[in-house]
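Visitor: fold the following.
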Amino acid sequence: MDIVSRNRMMVFTGGANEPLAEEVAEVLGVQLGNLSRSTFANGEIYVRPEESVRGADCFVMQSHSHPINEHIMEQLIAIDALKRASARSITAVMPYFGYSRQDKKVMPREPITARLVSDLLMKAGADRLVSVDLHTGQLQGFISKPFDSLTALPIITDYLSERMNGKTTVLSPDAGGVKRAEKYARHLDASVAFIYKRRDPAEHNESSALSMAGKVTDRHVVIVDDIIDTAGTVCNAAEMVREYGALSVRIAATHGVFSDPALDRIKNAPIDEVIVTNTLPVSTDIQELDHMQVLSIAPILAETLQAIFMDSSVSDIFLGENA
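Guide: Numbering: from 1, shown residues only. This is a model prediction of the structure:
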């Protein structure tokens, strides 16, 4: 008896960033799977696939955006539902991985919540995790199952290359991001600089820039980071490089969280352009800023999901820059 292969790719999404999921599905040439999502009167979340997933390779997309805890829980429940419905494999796709900054102990008795979220995803039934520009690479070490760490670097550097001329410096707003800055600099034929900043571990979202290493005078400066949250770090960096005589200042980051007071800080900072991707939904107020540019991550997400489904190399898509 001949057995015909019935491999199926099915892409589902939670409610956090549906436009991105729809764009990914369109690039892949598939329809988004039907998920029934609702909330009980007491706040409990209910998720159920409305079609058979038996034997299918399922991808569950969910950006861990505000309200972050609800969106994580929704993804966990969706994964559990697919597992119980006999999906062949389940890949949890988090364009933005929630709690990624809580990846180590800085003070006594602190949790390592990034590890907790990873454990929950695997316990729910995820066979593989996918995320974009993790806060630190060590997050991959928390996972005993395959973890594909992607990067928005190709999309952002292609955009910058088309719009920048002259001597350029890629600046990391802290010493921990120098490796990221070096990768951007290779693609932009630029030099590298970084700022030494001090952060009080007892105060969240608070930091102060103290000194800078590298050349920015009479140069175009691109400040690169993985996350813009309250925008304090990047705006402090922008003010410092302007004082040192930078010709222009751009900020490029993968994840635009934009918590208050990010909007006011960006409006008042000496910044020529802010570039983020759509790993997280960006509010209308932010998008309408004259110097705000939101790039789509959908093409590389779609190519990655296709590679996973076809059992081909993911790192070849990024020429090794996702390591």
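
Visitor: from now on I want contacts and neighbour counts done on CA atoms only, so please keep to that.
Guide: Will do.

Visitor: for the protein, what helix or strand is lowest in average pLDDT?
Guide: strand 208-213 (a mean of 74; mean pLDDT, DSSP states H and E).

Visitor: what about the helices in this protein?
Guide: For the chain, the helices defined by DSSP state H cover 18-28, 68-84, 113-124, 153-161, 178-188, 232-243, 262-268, 284-287, 298-309.

Visitor: quick one: those helices as TSV, columns for mean neighbour count and distance to residue 49 too.
Guide: Formatted as TSV, the helices of the chain follow (neighbours: other CA atoms under 10 Å; distance: least, CA to CA, whole Å):
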stretch	mean neighbour count	distance to residue 49
helix 18-28	19	16
helix 68-84	21	7
helix 113-124	18	15
helix 153-161	17	33
helix 178-188	18	39
helix 232-243	22	41
helix 262-268	15	37
helix 284-287	12	31
helix 298-309	19	20
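
Visitor: got CSV for those, with mean pLDDT and distance to residue 221 too?
Guide: As requested, those are arranged in CSV below (pLDDT from 0 to 100; distance: least, CA to CA, whole Å):
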stretch, mean pLDDT, distance to residue 221
helix 18-28, 97, 29
helix 68-84, 98, 33
helix 113-124, 95, 32
helix 153-161, 96, 11
helix 178-188, 95, 11
helix 232-243, 93, 8
helix 262-268, 95, 16
helix 284-287, 92, 22
helix 298-309, 96, 26
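
Visitor: among these, which comes closest to residue 107?
Guide: For these, proximity to residue 107 was assessed by CA to CA; helix 113-124 is nearest, at 13.6 Å.

Visitor: quick one, grab the pLDDT at residue 297.
Guide: pLDDT recorded at residue 297 is 97.

Visitor: same question but for residue 143, I mixed them up
Guide: Predicted confidence (pLDDT) for residue 143: 83.

Visitor: the nearest residue to it once chain neighbours are set aside and residue 159, how far apart?
Guide: Distances taken as CA to CA, 6 or more residues apart in numbering place residue 118 nearest to residue 143, at 6.7 Å, with adjacent residues excluded. According to CA to CA, to the nearest Å, residue 118 and residue 159 sit 32 Å apart.

Visitor: could you do residue 213 as well?
Guide: 26 Å.

Visitor: again with residue 79
Guide: 35 Å.

Visitor: poorly predicted segments of the stretch 1-150 of the chain, please.
Guide: Within the stretch 1-150 of the chain, the stretches with pLDDT under 70 are 1-6.

Visitor: tell me the domain ranges of this structure?
Guide: If you go by automatic domain parsing, the domain ranges for the chain are 9-151+299-318, 153-296.

Visitor: give me the distance between the shortest one and the centre of its chain.
Guide: Counting by CA atoms, centre = their mean, to the nearest Å, domain 153-296 is centred 15 Å from the centre of its parent chain.

Visitor: span of that domain from start to end?
Guide: 12 Å.

Visitor: could you do the longest one as well?
Guide: Chord length of domain 9-151+299-318, first to last residue, is 22 Å (CA to CA).

Visitor: what of stretch 102-120?
Guide: In stretch 102-120, first residue to last residue: 15 Å (CA to CA).

Visitor: was I right to think residue 115 contacts residue 142?
Guide: Yes - in terms of CA atoms under 8 Å, residue 115 counts as a neighbour of residue 142; the distance is 5.8 Å.

Visitor: and the closest residue to residue 96 other than its chain neighbours, what does it touch?
Guide: With sequence-adjacent residues excluded and distances taken as CA to CA, 6+ apart, residue 96 is closest to residue 63, at 5.1 Å. The contact partners of residue 63, by CA atoms under 8 Å, 6 or more residues apart in numbering, come to 16, 17, 71, 93, 94, 95, 96, 97, 98, 279, 280.

Visitor: now swap in residue 115 and tell me
Guide: Contacts were defined as CA under 8 Å, 6+ apart; by that measure residue 115 touches 103, 139, 142.

Visitor: and of those residues, the nearest to residue 173?
Guide: Checking the contacts of residue 115 against residue 173 with CA to CA, the nearest one is residue 103 at 19.3 Å.

Visitor: wait, that closest one sits on residue 113?
Guide: Yes - using CA under 8 Å, residue 103 is in contact with residue 113, at 6.6 Å.

Visitor: overlap of the contact sets of the two?
Guide: Counting by CA under 8 Å, 6+ apart, nothing touches both residue 103 and residue 113.

Visitor: shouldn't residue 172 be in contact with residue 225?
Guide: Yes - counting by CA under 8 Å, residue 172 touches residue 225, with 6.7 Å between them.

Visitor: and residue 242, how close does it get to residue 264?
Guide: 19 Å.

Visitor: report the distance from stretch 56-69 to the chain centre.
Guide: Relative to its chain's centre, stretch 56-69 lies at 12 Å (CA atoms, centre = their mean).
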